[in-house]
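Asker: pasting the sequence and the predicted model now:
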Amino acid sequence: MPESHAKSLYPSGSEGRPSKIAIIGAGAVGTAVAYACAMRGDARSIVLQDINKPKVEAEALDIAHGIQFTPTGSVEGSDDVEIVRGADLVIVTAGAKQKPGQSRLELAGSTVDLMKKILPNLLAVAPEAVYMLITNPVDVVTYASLQLTGLPRNQMFGSGTVLDTSRLRYLVSLETGVATQNIHAYVAGEHGDSEVALWSSAEIGNVPIRHWGPTLNGRLFDTLLQREIATEVVQSAYKIIEGKGATNYAIGLAASNIVGAVLRDESRVLTISTLLEDWEGISDVCMAAPTIVGRSGAGRVLNPPVTLGERDGLTASATRLREVARSLGF
C-alpha cells in the first residue's frame, strides 16, 4: 500500500502528521479504551503509560499482536511519561478503584491528589494535546484538573455521562424494539447518583417519547416507567462492579466514540463533562451537558428544553458536585 494512501486511513494530528493517542493508566479501563481505539482505528499510534512497567508493556504488546486485524498502526506501552510526547489526545484513566457499594464521589480526595502528581508531567510533554479525563469522580476531577493546570475548558474535559446516555438509550431500545442509533435521549448532570435523564427532550426517530404509545410490553412511557429506567441507569454500574469488579468494556467504547469526535473533527453532540457558565442557571462547576465536540475539544453547550423538575435536578446535581470540589479546596 502506498505510504500516502496508508496515512489517509487515519485522522490527522497537528500539522498534518499521523495522529497519536496517549492513555494514562493500564488498568481495566485504560486497556479497554486502548483496545476499542485500536479496533476503530481512531489514531495511527496508540501509547499506554503506567507506573507498572511489566503490566503496561504486556498489555500494549497483547493488543499490538492483533494489529493486523485493525486499522491502527502501532501500540506501545511504557512507564516513562516521555512516551506521551507529541500526543494529540491524552486520556487519563489512572485513579483509585471503585469498590462495591462505594459512590464515585467517595473517591474524590485520593484521585485529585493523584492528578496533582501526574498532570504537570503530562503537560510538560504534551502541552498542546486535548485532555479527556475518565477517572472517577470524573466531574470533580475535571474541575480540579482545570484549576490545577489552567487549561481552557475546551482543551480539558471529562467523559461525563456519554456512557450513561448509552445505557439509557439501550434500555429504551429494549422497551421499544427500535435500534439504539435511532433513540435520541440524554443524561446530564453528575456521572453518578444525582444524574438527570432529560426525558422532556427524548425522541425515538423524530417522535417525542411521550407520544410513542405502548412499548413492547404494552406500557406507556409515563413517569413511572421513566423513573424505573433512570434508576436502572444509575444502578447498573454498581451491579457490574459487584459482579466483576469494574466496568470497562462499555466505557472503552464510549471513550473511543469521544476520541473519534475529536480527532475526526466530527462536531458531534455528546454529554461530556465540561466547565459550565450560566447553563440552565448553573455556573462554576463541571458536569455533563449536551456539548458539540470537535478537533478543538469541548465546544458549544446546547440548551435542550427541560422541565422545571429536570432543571431542579440539574441544579441539585451541580450543588452536590460543587460542595465536594469546595471540600477539596477548589
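Answerer: Cool, got the structure. Worth saying up front: this structure is predicted, and the values here are computed from it rather than measured. Residues are numbered from 1 along each chain as shown.

Asker: from the centroid of this protein, which residue is nearest?
Answerer: With distances taken as CA atoms, centre = their mean, residue 159 lies nearest the centre of the chain, 2.1 Å away.

Asker: so what's that residue up against?
Answerer: Residues in contact with residue 159 (CB atoms under 8 Å, 6 or more residues apart in numbering) are 132-134, 138, 191, 251, 254-255, 258, 272-273. Using the backbone N, CA and C atoms, a C-beta is placed for each residue, glycine as well.

Asker: same question for residue 225.
Answerer: 175, 215, 219.

Asker: quick one: which of these is nearest to residue 108?
Answerer: residue 175 (34.5 Å; CB to CB).

Asker: thinking again about what came up before, mind putting the contacts of residue 159 in a markdown table, distance to residue 293 and neighbour count included?
Answerer: Output for the contacts of residue 159, formatted as a markdown table (distance: CB to CB, whole Å; neighbours: other CB atoms under 10 Å):
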| residue | distance to residue 293 | neighbour count |
| --- | --- | --- |
| 132 | 10 | 29 |
| 133 | 14 | 31 |
| 134 | 15 | 29 |
| 138 | 15 | 30 |
| 191 | 16 | 30 |
| 251 | 16 | 23 |
| 254 | 12 | 24 |
| 255 | 12 | 27 |
| 258 | 6 | 26 |
| 272 | 6 | 31 |
| 273 | 12 | 32 |
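
Asker: quick one on the thing from earlier: relative to residue 145, how far out is the residue nearest to the centre of the chain?
Answerer: From residue 159 across to residue 145, the span is 13 Å (CB to CB, to the nearest Å).

Asker: overlap in contacts, those two.
Answerer: Residues touching both residue 159 and residue 145 (CB under 8 Å, 6+ apart) are residue 133.

Asker: which segments of the chain make up each domain?
Answerer: 3-158, 162-327 (automatic domain parsing).

Asker: can you redo the ones you listed as TSV with mean pLDDT?
Answerer: Listed next are the domains of the chain as TSV, based on pLDDT from 0 to 100:
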stretch	mean pLDDT
domain 3-158	90
domain 162-327	95
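
Asker: list the buried ones in stretch 202-218?
Answerer: For stretch 202-218, the neighbour count (16 or more other CB atoms under 10 Å) marks 202, 204, 209, 212 as buried.

Asker: check stretch 295-315 too.
Answerer: Buried residues in stretch 295-315 (16+ other CB under 10 Å): 295, 297-299, 301, 304, 306, 310, 313-314.

Asker: and residue 330, what does it touch?
Answerer: By CB under 8 Å, 6+ apart, the neighbours of residue 330 are 112, 143-144, 147.

Asker: derive a ChimeraX selection command for the buried subset of those.
Answerer: Only the buried entries of the contacts of residue 330 go into this ChimeraX selection, using 16+ other CB under 10 Å:
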select :112,143,144,147
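
Asker: closest one of the contacts of residue 330 to residue 196?
Answerer: Of all the contacts of residue 330, residue 196 sits closest to residue 143, with 18.2 Å by CB to CB.

Asker: and the contacts of the helix or strand hosting the closest one?
Answerer: In this assignment (DSSP states H and E), residue 143 forms part of helix 138-149. Identification of contacts with helix 138-149 by CB under 8 Å, 6+ apart yields 95, 104-105, 108, 111-112, 115-116, 119, 123, 131, 133, 135, 151, 153, 156-160, 190-192, 273-275, 285-288, 321, 324-325, 328, 330.

Asker: so which of those residues belong to strands?
Answerer: Using DSSP state E, the members of those that fall in strands are 131, 133, 156-158, 273-275, 285-288.

Asker: ok, and the most crowded of those?
Answerer: Counting neighbours by other CB atoms under 10 Å, residue 287 comes out on top of these with 34 neighbours.

Asker: what's residue 276 in contact with, if anything?
Answerer: Neighbours of residue 276 in contact, by CB under 8 Å, 6+ apart: 282-287, 289, 301, 318.
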